[in-house]
Structures are given as C-alpha cells and as structure tokens.
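[1] Give the three-dimensional model of this entry:
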Amino acid sequence: MAADLAHSWLTLSPAVAAAKAAGRPLVALESTIIAHGMPYPENVRTAREVEALVRDLGAEPATIACMSGRIRIGLSDDDLELLGSAAQVLKVSRRDLPAVLASGGLGATTVAGTMICAALAGIEVFVTGGLGGVHRGAPETFDISADLQELARTSVAVVCAGVKSILDIGLTLEYLETHGVPVLSCGQDNFAAFYTRDSGYRADFRLDDAADQARFIRTKWDLGLAGGVVLSTPVPEAAAMPGEEIEALTRQALAEAQAQGITGKAVTPFLLARIKALTGGRSLATNIALVKHNAEVGTRLALALAGAAHGAGKE
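    Have a look, this model is predicted:
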C-alpha cells in the first residue's frame, strides 16, 4: 500500500511513458546540476544536449524534478528553461521531498533525491556529474552528504566522474566501503576526481565493458543485496584540469566560504561558482565535458542492463 501511495506522486512525461511501455531503457538525470550546478544559460543548453545524447545512443532521458506538488519524471524544454532560469529553486534531498511536494514548490533533485525518485519510477541507471560525499573537516563538522547514505539503501546504479574534488575523497570512499556500496571504475584503475582524472585512490573493481558492469550490478541485486553501485569514469583527458591547480583553488574557495559563514547545502554551489570564477570559466567547460561523457557511459550501461546493446547483459 505504501509503495502504491508513493507512486501516486509521480508524473511521467509522454516520452518517458512511451519508452517505458515499449520496454526501452531509461536514464535518470538530476535537476540540481541545472538549477545549482551551472550558470544560465549554459545549464539549460547542457541539459538539452545531454538529453539528446542519451536519445541518440538509444535510451530515453528522464530528467527529474519537483513541480507543482508532483515528482516529474521527464521534463519538457519549457520545464528545463524554468529550472535553469528561476530565481528560487529549492534543493531537494531525501529530507526535503515531503516539504517541497506538500507545498507545491519548485525543487531540483540532488543525487539522493534523484535516486529515490528514479527507484520509484523503476529506473535503474542514473547519470550525474560528481557525487556528494564527506566534506573536508567532517570529523569536526559531521558534514556528510545524504548522497552516501542513499547509495547504501536505494538500488540505483549511479554513473559519475567520481566525487567532487572539493570533498575529502578518501573519507568518502571509506564511508561507502563501511556501508557496503561497491565502487566500480571504468577506463582506469583509480577512482576519478571530477575536474581531474585521478583521485589517487583505487576503486574496488575495474570494469570497462558495459556488459561486465551490467552483469556485476544485476548479480548484486539478484542476490538481494539492496543499495546502489557507484560507476566512476574519468573526465576526458582533453578537458581535464591539473590536479595541483584545482587543489589550490579549492583550498582558497573553502577558506572564503568559511570566512563568509557559508554552510550546509549552500557550500557546494558556492565552491563550484567560485572555482569557475577563479579559473576564468575553464572549470565550467570541464564540468560540461564530464557530464556528457558520463551520459555516454551511463546510457551504454542502461542498454546493457536491458539486454539491448549487442546482446549485452542477457542472462
């Protein structure tokens, strides 16, 4: 009964509903990256380009947001424009979903929020830019993203360019290990670091082929091991930024955030915007490149999980 009630909050776009009815694979996309992760109009243009890329590869994109008291699975061009340009868009994680839906507010879903909504809609693959994680200084502040706990409980595969490099990557991986979340890497042995390709930390398993990734994920879930899987893939080399530069700028931006009293959910958008300013926009170009690459990897995984890509993923 509870599951039926939860599903009653969903509104599927015509394109998503048609794909679902036809058995075509769906790829979930978050909306926080539109509302809070990139400036306008690059955010809306990137969202449309990512959706087009997913369709060109043979799946249907399902960008997720909260609008007018509904969880919207799949958005129109006008919806994307509203999310990207509106002055006030709430950032929606697990704790925020009831408040935003009950009030009918406009909300952009985070990684955790999108995972919940994707699972309700029966979508197995979700593509994002970078995961949230354990913030630097967390042993004193206890600032840990809800994304990590969601990965421990919600059975959705999350394709990303690793964890945002503004976070404590080592502690983030320790947290995921403690909660039994497998971390896969595609294209290299080490876990990626968002703006840069290599975090310096090894992933749990390297699986470059979508069929192998799908087999791993399906085996996990078939065994009754609930929870997500992280699939890390590095930003394309041509778009990557030097690790030393990003580290120095991150430290500067973190110091500025602390001096200005910026805390909680406001920290990540501030840091991303500040690093963009400090790099003269180069970090935004990197962000766009990695999101598009993640969408390619995620769509191939969705096709493999559905058994639709060159026979991949068939049991």
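[2] Setting the sequence-adjacent residues aside, check what's closest to residue 227.
    residue 152 (5.1 Å; CB to CB, 6 or more residues apart in numbering). Glycine gets a C-beta too; all of them are placed from N, C-alpha and C.
[3] pretty sure that neighbour contacts residue 179?
    Yes - using CB atoms under 8 Å, residue 152 is in contact with residue 179, at 3.7 Å.
[4] Could you check how many residues crowd around residue 105?
    17 (other CB atoms under 10 Å).
[5] which residue sits closest to it, ignoring its sequence neighbours?
    residue 90 (5.4 Å).
[6] next one: residue 85
    residue 40 (5.2 Å).
[7] Looks to me like the one you found is in a strand.
    No - judged by DSSP: H, G, I helix; E, B strand; the rest coil, residue 40 forms no part of a strand; its state is coil.
[8] Look at it and report its pLDDT.
    On pLDDT, residue 40 comes in at 95.
[9] How about the one 10 residues further on?
    What the model reports for residue 50 is a pLDDT of 98.
[10] from memory it sits against residue 295, does it?
    Yes - the criterion here is CB under 8 Å, and residue 50 meets it with residue 295 at 4.9 Å.
[11] what touches both of those two?
    29, 127 (CB atoms under 8 Å, 6 or more residues apart in numbering).
[12] In this structure, where's the longest strand?
    strand 60-67 (DSSP state E).
[13] next structured bit after that one?
    The helix or strand immediately downstream of strand 60-67 is strand 70-73, counting by DSSP states H and E.
[14] Tell me how far that next one lies from the chain's centre.
    How far strand 70-73 lies from its chain's middle: 17 Å, per CA atoms, centre = their mean, to the nearest Å.
[15] And stretch 246-264, by the same measure?
    22 Å.
[16] tell me the mean pLDDT over that stretch?
    88.
[17] And stretch 162-169, by the same measure?
    Here the average pLDDT along stretch 162-169 is 85.
[18] Between the two ends of it, what distance do you get?
    Counting by CA to CA, to the nearest Å, you get 9 Å between the two ends of stretch 162-169.
[19] Residues touching that stretch, excluding its own?
    129-136, 138, 145, 172-173, 191-196, 199-201, 232, 234, 243, 246-247, 250, 253-254, 268, 271-272, 275.
[20] And those, which of them are buried?
    Neighbour counting with 16 or more other CB atoms under 10 Å marks 129-136, 138, 145, 172-173, 191-196, 199, 201, 232, 234, 243, 246, 250, 253-254, 268, 271-272, 275 as buried within the contacts of stretch 162-169.
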